[in-house]
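Q: Would you be able to build a 3D model of this:
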Amino acid sequence: MSAEIGVRNPRTGHIDYAIAPPGPGDLDALAHRMRDAQRGWYGRGLGARLDALRLWRDELARERNAVIEALTIDTGRHGVSVLELDLVLWHLDRWCRLAPSLLADRGEQDSDVPAIKLRGSQVPYALVGIISPWNFPLLLSTLDTIPALVAGCAAIVKPSEIAPRFMRPLMRTIRAVDGLRDVLAFVEGAGETGSALIDRVDMICFTGSVATGRRVAQAAALRFIPSNLELGGKDPAIVCDDADLELAASAIVWGAVANTGQSCLSIERVYVDARVHDAFVEHVVARARGLKLAYPDLDDGPIGPIIAERQATIIADHLADAKAKGAVVRCGGDVESLGGGWWCRPTVLTNVNHSMRVMTEETFGPIIPIMPFEGDDQAVHLANDTIFGLSAAVFSGDEPRALGIAARLDAGAISINDAALTAVIHEGEKNAFRFSGMGESRMGAASLRRFLRRKTYLIKKNAEANPWWFSELTQ
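A: Below is the predicted model:
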């Protein structure tokens, strides 16, 4: 067993919890046991796997209060913790509903050669590793895990060491389900454990920063295993002159500051047609000012603390850089220390430009920088002036115009007349562009199929010679 790691409480700043990473031998033994168990998990068939996942859902519902309480301590916010658990329950229901049709045997298929027929099968990766972040500890640790289990894989999950408390009540629910306990494990640890996990699995799913994602991709490539990476974002919103400004302001404020802006799909920069810029800013400022901190009590407001202490430093640095370069603070504007935790009120900035870090680097905080544009071409240019390409939003009263702008954006999911819709709508397949990620979509049917390798059986149906054979062999 490796040395314990202390865990900070984001509301108090105190180290009041500890985790114990597994040693190399422990992780080896776990991976070996799970590989053995995976064969039985897959062999029992889809129906039995779905029955086990439904039982897991029931156990999660029974442990609801304990899981939410642990998540609330992990993150310092309550409402989003409730939503996290509800979304996981919904994901379990959804995959159990969709999997039978998505994984149905298509039977024998024709090929271009009438005498040759095709049959297919799908074989799961035996052991999948999942490394998940601290901003949505439960949701993002299960978003890949559930479809992997449906597909027939075993999974080892390494959540962030910054928000690990939820694992203990969660593991109680897993241990309560026969079969599932043998193919699903959550392990404590920091970067060293995540790195060790990559060396012991057949596929890796990672959600986190671009810098760490690069290292994950390189380590996976050396082992010749697939990596699915969901990395950073700097999502733009474009507000056209014909947009419903009140609707756009409400959507963008939610998309920018929900979960205190601690989401890869947060709106982090806003481009507004110069003709409506001032009016739009007033709408945004009015809404942002109305949002209160969840302090001193959890139910005092929707804006929780900054979960990771190092993120508070990044947010403060971005704000200081913007102010030094001429940005105007319309509301908020500072990182505060309250009760030992770090907090940032919803902040609206104007007079911003792309020389500022707040417009080019991932801030991961409740900051809304707003910049005017002249014409749709400039809006598209500014939105695409980034190393990221996760998602975006476009607001216009003319839907064809909005879709035309969206088609020119280098991003995987574009919300039209709304913002950050992939937080709640998971049917649409999308890929990350540029440095925002790599691999198959983690939404839609592809999210399940990425855990399966395809096999094809090419079956000759007659005893006749094929026309491409050597003639000498058919005489």
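
Q: Shouldn't residue 394 be within a strand?
A: Yes - counting by DSSP: H, G, I helix; E, B strand; the rest coil, residue 394 is located in a strand.

Q: for the record, mean pLDDT for the helix or strand residue 272 falls within?
A: Per DSSP states H and E, residue 272 falls inside strand 267-273. What strand 267-273 shows for mean pLDDT is 98.

Q: for stretch 127-143, same thing?
A: On average, the pLDDT along stretch 127-143 is 97.

Q: can I have it written out in PDB, keeping just the CAs?
A: What follows is stretch 127-143, C-alpha atoms only, in PDB (Å, rounded to 0.1, in the frame of the first residue of the first chain):
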ATOM      1  CA  LEU A 127     -10.500  -4.600 -19.200                       C
ATOM      2  CA  VAL A 128     -11.100  -0.900 -19.500                       C
ATOM      3  CA  GLY A 129      -9.400   1.800 -17.400                       C
ATOM      4  CA  ILE A 130     -11.300   5.000 -16.700                       C
ATOM      5  CA  ILE A 131      -9.600   8.100 -15.200                       C
ATOM      6  CA  SER A 132     -12.100  10.800 -14.300                       C
ATOM      7  CA  PRO A 133     -11.900  14.400 -13.000                       C
ATOM      8  CA  TRP A 134     -13.000  16.300  -9.900                       C
ATOM      9  CA  ASN A 135     -15.600  18.700 -11.300                       C
ATOM     10  CA  PHE A 136     -18.400  16.000 -11.500                       C
ATOM     11  CA  PRO A 137     -16.900  13.200  -9.500                       C
ATOM     12  CA  LEU A 138     -19.700  10.700  -9.800                       C
ATOM     13  CA  LEU A 139     -21.200  11.500 -13.200                       C
ATOM     14  CA  LEU A 140     -17.900  11.600 -15.100                       C
ATOM     15  CA  SER A 141     -16.600   8.400 -13.400                       C
ATOM     16  CA  THR A 142     -19.700   6.500 -14.600                       C
ATOM     17  CA  LEU A 143     -20.300   8.200 -18.000                       C
END
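
Q: which residues does the nearest residue to residue 318 once chain neighbours are set aside contact?
A: Residue nearest to residue 318 in three dimensions, not counting chain neighbours: residue 358, with 4.4 Å by C-beta to C-beta, 6 or more residues apart in numbering. Every C-beta, even on glycine, is put in place using the N, C-alpha and C of the backbone. Contacts here follow C-beta atoms under 8 Å, 6 or more residues apart in numbering; on that basis residue 358 touches 269, 318-319, 321-322, 327, 349, 352, 367, 369.

Q: Check which element follows the helix or strand containing residue 358 along the chain.
A: Per DSSP H and E: residue 358 is located in helix 357-360. Counting by DSSP H and E, the next helix or strand C-terminal to helix 357-360 is strand 367-373.

Q: Strand 267-273 and that following strand, what's the angle between them?
A: Here strand 367-373 runs at an angle of 30 degrees relative to strand 267-273 (axes from the mean of the first three to the mean of the last three C-alpha atoms, to 10 degrees).

Q: on contacts alone, who are the packing partners of strand 367-373?
A: For strand 367-373, the packing partners by 3 or more C-beta pairs under 8 Å, 6 or more residues apart in numbering; DSSP states H and E come out as helix 245-257, strand 267-273, helix 277-289, helix 309-324, strand 347-350, helix 357-360, helix 376-384.

Q: what's the most buried one of those?
A: Among the helices and strands packed on strand 367-373, strand 267-273 has the highest mean neighbour count (mean count of other C-beta atoms under 10 Å), at a mean of 27.

Q: and that one, how far out from the chain's middle?
A: Mean-position distance between strand 267-273 and its chain equals 22 Å (C-alpha atoms, centre = their mean, to the nearest Å).

Q: pLDDT weak spots in this structure?
A: Counting by pLDDT under 70, the chain has low-confidence residues at 1-2, 473-475.

Q: Which strands border the strand holding residue 272, and is each parallel or antiparallel?
A: For strand 267-273, the paired strands and their directions (DSSP bridges) read strand 235-239 (parallel), strand 367-373 (parallel).
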